[in-house]
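Q: pasting the sequence and the predicted coordinates here, then a few questions.
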Amino acid sequence: MSKKVCKKCKLVVEGAECPICKKNQFSTNFQGSLVVIDPKRSEIAKIMGYETKGEYAIKVR
């Protein structure tokens, strides 16, 4: 099964709704991924604006 990514917040999701923004607009066309384990201590997560742990896509089309 291919992964799907929320077009708004770029979170990789498995359900029918994004748990962060509550939208249901997804894409399967994305490049790269970033796994955020501790968003409060991660400098990259702060720069990218990610406040929730999870797997994020770098570029979504």
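A: Good, I have the coordinates. Numbers count the residues shown, from 1 in each chain.

Q: in the chain, which residue is most central in space?
A: With distances taken as CA atoms, centre = their mean, Leu11 lies nearest the centre of the chain, 1.6 Å away.

Q: show me the contacts for the residue nearest to Phe30 when sequence neighbours are not counted.
A: The shortest distance from Phe30 to any non-neighbouring residue, by CB to CB, 6 or more residues apart in numbering, is to Ala57 (3.9 Å). For every residue, glycine as well, the C-beta is placed using N, CA and C. Going by CB atoms under 8 Å, 6 or more residues apart in numbering, Ala57 touches 5, 10-12, 30-34.

Q: ok, 6 Å please
A: 5, 10, 30, 33 (CB atoms under 6 Å, 6 or more residues apart in numbering).

Q: any idea how far the last one lies from Lys59?
A: If I follow you right, that is Ser33. Shown here: Ser33 relative to Lys59, a distance of 10 Å by CB to CB, to the nearest Å.

Q: neighbour-wise, which of these two wins?
A: Ser33 (13 against 10; other CB atoms under 10 Å).

Q: SS state for the more buried one?
A: Secondary structure state of Ser33, per DSSP: H, G, I helix; E, B strand; the rest coil, is strand.

Q: quick check: beta-bridge partners of it?
A: Beta-bridge pairing of Ser33 under DSSP bridges involves Ala57.
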